[in-house]
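> Predicted model, plus sequence, below.
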Amino acid sequence: MKRRSFIKKGALLSSAPFITTGLFARALTNKKIAERPFKLNYAPHFGMFKHNAGDDLLDQIQFMHDQGFRSLEDNGMKGRSKKTQNEIAKKMAKLNMDMGVFVGHKIYWREPNLTSGDKSLQDEFVNNIKDSIDVAKRVNATWMTVVPGHVDLKKEMAYQTVNVVEALRRASELLEPHGLVMVLEPLNWWSNHAGQFLTEIPQTYEICRAVNSPSCKILFDIYHQQISEGNLIPNIDKSWKEIAYFQIGDNPGRKEPTTGEINYLNIFRHIYNKGFKGILGMEHGNSQKGKSGELEVIKAYRKVDNY
């Protein structure tokens, strides 16, 4: 071998560890950033990252964890088989992830149920909640979503409120011994759920105070409340003692933060500074399709979590 070639080859070999070390260090740094937990506990839904993670639910949970998410929200958990519920719970326990809300009962979107005061409809609701206790225990959930249903146009609002409070008190009595919590979700009329009884945070706060139970709290859906009443941070402050859970979506469009008018950076900073330790469910769609769109969702959360 010629001396010049030998020296050149030796130089390349001697520098290889430094090159490898540099690439390896960058890879470790990128991996660390990707897996770093967020400051707040955001909970994606199944399907939100399926193009990157695949259709398998357990693979999707793993992908969520790898991206720094430490909770899952699944509105339809109650409708899944016991086998699937157990598999999800086992995977989440292994990853030390928390379960967010699932819908705890049949929701009446077009006709009154709890607002009506009808005893049979109230019994149906209470039995639904009773069944949800087993589901909550199986998947290690604490919270279940409750929507009191459609307004009763034949009754004044005060009478409807009394009927709702009565039903919620009965349900709370079932939940309290198990340490479980139903979270009441006010919904907007103007874009999604016209005719629903529960629409605003002050109204929900009043009902929770009347029920007077640790098992009846507020689900503050930031998307819905931006549409219904705005004034987000003041309403968070005024109802803080009754808030157990948040949900997220920007407006208009109900997509990930940064795609609409809501200043999520300021709102998340405010919630974090108040010491919130609960879950914030990512109940929204993706603004862009495919793998790249899913990665943009993660990027958006990193942006609004950077305070």
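Great, that's in hand. Numbering: from 1, shown residues only.

> Can you show me the helices along the stretch 151-300 of the chain?
Taking DSSP state H, counting those that start in this stretch as the criterion, the stretch 151-300 of the chain carries its helices at 157-175, 201-211, 222-228, 232-238, 264-273, 290-304.

> got a list of what the residue nearest to residue 161 when sequence neighbours are not counted touches?
Nearest residue to residue 161 in three dimensions, chain neighbours excluded: residue 207, at 6.7 Å (Cβ to Cβ, 6 or more residues apart in numbering). Placement of C-beta: from N, CA and C, glycine included. Residues near residue 207 by Cβ atoms under 8 Å, 6 or more residues apart in numbering: 161, 164-165, 168, 184, 198, 216.

> one more time with 7 Å, if that's ok
The contact partners of residue 207, by Cβ atoms under 7 Å, 6 or more residues apart in numbering, come to 161, 164-165, 184.

> Which residue ranges of the chain form strands?
Assigned by DSSP state E, the strands in the chain fall at 41-43, 71-72, 98-99, 102-103, 143-146, 181-184, 216-221, 243-247, 279-281.

> Now tabulate these in a markdown table and tack on mean neighbour count and distance to residue 288.
Formatted as a markdown table, those follow (neighbours: other Cβ atoms under 10 Å; distance: least, Cβ to Cβ, whole Å):
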| stretch | mean neighbour count | distance to residue 288 |
| --- | --- | --- |
| strand 41-43 | 24 | 18 |
| strand 71-72 | 24 | 22 |
| strand 98-99 | 20 | 28 |
| strand 102-103 | 20 | 27 |
| strand 143-146 | 26 | 27 |
| strand 181-184 | 26 | 30 |
| strand 216-221 | 25 | 23 |
| strand 243-247 | 24 | 21 |
| strand 279-281 | 25 | 21 |
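
> can you list the ones you listed in a markdown table and add distance to residue 156 and mean pLDDT?
Below are these laid out as a markdown table (distance: least, Cβ to Cβ, whole Å; pLDDT from 0 to 100):
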| stretch | distance to residue 156 | mean pLDDT |
| --- | --- | --- |
| strand 41-43 | 38 | 99 |
| strand 71-72 | 40 | 98 |
| strand 98-99 | 39 | 98 |
| strand 102-103 | 28 | 98 |
| strand 143-146 | 22 | 98 |
| strand 181-184 | 20 | 99 |
| strand 216-221 | 23 | 99 |
| strand 243-247 | 28 | 99 |
| strand 279-281 | 33 | 99 |
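
> one step back: buried deepest among the helices of the stretch 151-300 of the chain, which one?
helix 222-228 (a mean of 23; mean count of other Cβ atoms under 10 Å).

> Give me the residues contacting that helix.
186-188, 190-191, 199-201, 232, 235, 246-251, 254, 262, 267, 284.

> Run through the stretch 1-150 of the chain and note the low-pLDDT ranges.
Per-residue confidence for the stretch 1-150 of the chain (pLDDT under 70) gives these ranges: 1-34.

> If anything else comes up later, I'll come back, but that's it for now.
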